[in-house]
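Undergrad: below are the sequence and a predicted model; questions follow.
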Amino acid sequence: MQQERWIADRAMLQQLMQKHPEWTQQELANRVGRSLGWVKKWVKRLREASPKDAHVLLGKPFGRKTPYPQTDPVIEARILAIRDTPPENLKRTPGPRAILYYLPRDPQLQSHPETLPRSTRTIWKILQKNDRITHEKRRKRKPGEQRGMLEEIQMDLKDISTVEVSTTGKQQHAVEAFNFMDAGTSILLDAQVQEDFHAQTTLQAIIHFLERDGLPPKITFDRDPRFVGAATGRDFPSPLVRFLLCLGIEPNVCPPHRPDKNAFVERYHRAYNQECIQVHCPHTLEQAQEVTEAFVIHYNTERPHQALSCQNQPPRVAFPQLPNLPSLPQLVDPDIWLSSVHGKHFIRTVRQNGTVRIAEGSYSIDLDGIGQYVDLCVDAHQQVFVIRQKSRVLKQAPIKGLRHTLLLCQARFATEEPICYP
């Protein structure tokens, strides 16, 4: 019915043009009931066609008039070879985007006269035709917010599960890799493999990273107890959070059960596990360090990355130069973090000994209040907790652990803790 209506409108326009050659195109559009653009297009076609040619009223045929060009058999064979035997130490089956990256680099196609495919759809059709890929409905994902270079560093610990027992006797998480990923470029900046990651050594590893790479504006991490402290104190800034605030770095703690908020380093962990750990299966700390070091080089300089920022290139190829970040200062105010919690309230229960515990300090309340809730409000100006029960002020207690002086900021990697550890 729609096609018949179109033909009728074109015929009416042709008759009006013959009967009223003095009419303007706007007058023809008003009479036919079509837009001015439609009338302009068909007035031109009807004038160019012969008056006896009725086929012009039918419009142009739909679809291509010429067949799609076919891919050269040599190129198709190389596409399948790249799919079956991944080049350049790639430890996974390359998809259409990765194959599109490797095709111009293939030695057998360097002097080939035919034009190489430029579309992933062409690669996908060749793989499907040769039973290398099956059609599956892919979930559409909303692209995340783009970050600038070194604007946000995401960090996380990854268990190297193939190492079952460490030299220290640990049965779980015997060896872990502490990874630091730039969210703006997808460059893996650092990977430290150790078998003794706890709250103290984790902080030392972060200081080691900051000494080498500088201070980024923001660091994102999940709610690992080594980052945010014990469950009873997670509403109060942990030593790591306080340390970052002292350095002017924004600590971005992910909400519970939201790995998508730390997506860049989590995606690296998937590639690291599938293409390195499960391929080489290291059984000792030394083997894990060796394969991790090699994979970091491969990941940054050889493996095509399909993040929007990398444009199907290895991260270090897409971003050969990175800006310089501020260096770790020699002196730091270890109490400056207090301003970030000024006026905040922390609810605690009075324990059996008549005290409440917050962060690393205990504060005496009253034995008569055992089991009752009290409110500790931070007064950063006076550096005290204002302790209330309901609306009654019980006392003001100086906040414990403050240094009240500038301190040197450097790491002691042997046995001592960092000097500016808040």
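TA: Arrived safely.
Undergrad: and T301, how many residues sit next to it?
TA: Residues near T301, counting by other Cβ atoms under 10 Å, number 13. C-beta: built from backbone N, CA, C; applies to glycine.
Undergrad: where's the closest residue to F319 other than its chain neighbours, which helix or strand?
TA: Spatial nearest neighbour of F319, chain neighbours left out: T185 (4.4 Å); criterion: Cβ to Cβ, 6 or more residues apart in numbering. T185 belongs to no helix or strand when assigned by DSSP states H and E.
Undergrad: got phi/psi on T185?
TA: Backbone torsions for T185, taken as degrees, to the nearest 10, come to phi -120, psi -10.
Undergrad: next: A191.
TA: The phi/psi pair for A191 (degrees, to the nearest 10) reads phi -140, psi 110.
Undergrad: also S362?
TA: The phi/psi pair for S362 (degrees, to the nearest 10) is phi -110, psi 140.
Undergrad: skipping adjacent residues, who's closest to it in space?
TA: Using Cβ to Cβ, 6+ apart, the nearest residue to S362 is T355, at 4.6 Å.
Undergrad: so what's the residue count around that neighbour?
TA: 16.
Undergrad: identify the residues contacting it.
TA: 362-365 (Cβ atoms under 8 Å, 6 or more residues apart in numbering).
Undergrad: hang on, the earlier thing: right, and the residue nearest to F319 touches L322 too?
TA: Yes - between T185 and L322 there is a contact under Cβ atoms under 8 Å: 7.2 Å.
Undergrad: so how far is F209 from the residue nearest to F319?
TA: Using Cβ to Cβ, to the nearest Å, one gets 16 Å for the distance from T185 to F209.
Undergrad: same check, this time on R392
TA: Distance from R392 to F209, by Cβ to Cβ: 47 Å.
Undergrad: of those two, which one has the most company?
TA: F209 (20 against 7).
Undergrad: host element of the residue positioned nearest the centre of the chain?
TA: Nearest to the mean C-alpha position of the chain, counting by Cα atoms, centre = their mean, stands F264 at 3.1 Å. In the assignment (DSSP H and E), F264 maps to helix 263-272.
Undergrad: which residues are contacting that helix?
TA: 92, 144, 154-156, 158, 177, 179-183, 186, 188, 259-260, 292, 295, 299, 303, 307.
Undergrad: what do you get for stretch 11-26?
TA: 27-28, 31-32, 34, 36, 39-40, 42-43, 46-47, 57.
Undergrad: repeat the analysis, applying 10 Å as the threshold.
TA: The contact list for stretch 11-26 (Cβ atoms under 10 Å, 6 or more residues apart in numbering) reads 27-34, 36-40, 42-43, 45-47, 49, 51, 54, 56-57.
Undergrad: all helices of the stretch 251-400 of the chain, in order?
TA: 263-272, 278-280, 285-301, 315-318 (DSSP state H, counting those that start in this stretch).
Undergrad: redo the ones you listed as TSV? Include mean pLDDT.
TA: Output for these, formatted as TSV (pLDDT from 0 to 100):
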stretch	mean pLDDT
helix 263-272	96
helix 278-280	95
helix 285-301	96
helix 315-318	96
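Undergrad: which one of those lies closest to V384?
TA: Closest approach to V384 among these is made by helix 263-272 (38.4 Å; Cβ to Cβ).
Undergrad: in the sheet, who's paired with A177?
TA: Beta-bridge partners for A177, by DSSP bridges, are K158, V193.
Undergrad: can you give me the pLDDT of it?
TA: A177 carries a pLDDT value of 97.
Undergrad: go on, K170?
TA: For K170, pLDDT reads 68.
Undergrad: next, the contact list for V43, please.
TA: By Cβ under 10 Å, 6+ apart, the contact list for V43 reads 13-14, 17, 25, 28-29.
Undergrad: and the strands in the stretch 101-250 of the chain, which stretches?
TA: Secondary structure of the stretch 101-250 of the chain (DSSP state E, counting those that start in this stretch): strands at 152-159, 176-182, 188-194, 218-221, 250-253.
Undergrad: wait, A230 sits on A199?
TA: Yes - using Cβ atoms under 10 Å, A230 makes contact with A199 at a distance of 9.4 Å.
Undergrad: the more surrounded of those two?
TA: In terms of neighbours (other Cβ under 10 Å), A199 is the more surrounded of A230 and A199; the figures are 18 against 11.
Undergrad: quick one: N262 and T292, what's the gap?
TA: According to Cβ to Cβ, N262 stands 19 Å off from T292.
Undergrad: and the gap between A263 and L16?
TA: A263 is 61 Å from L16, by Cβ to Cβ.
Undergrad: same thing with V350?
TA: Using Cβ to Cβ, one gets 93 Å for the distance from V350 to L16.
Undergrad: quick one, which of those two is more surrounded?
TA: Using other Cβ under 10 Å, the more surrounded residue of V350 and L16 is V350, with 21 against 16.
Undergrad: contacting residues around that one?
TA: 356, 363-374, 389.
Undergrad: rerun that using 7 Å as the cut-off
TA: With contact set as Cβ atoms under 7 Å, 6 or more residues apart in numbering, V350 has these partners: 356, 365, 369-372, 374.
Undergrad: same question for H173.
TA: D159.
Undergrad: what separation do you get for it and Y68?
TA: H173 is 54 Å from Y68, by Cβ to Cβ.
Undergrad: T134 too?
TA: 22 Å.
Undergrad: how about S35?
TA: Distance, S35 to Y68, using Cβ to Cβ: 33 Å.
Undergrad: go on, G371?
TA: Taking Cβ to Cβ, one finds G371 at 78 Å from Y68.
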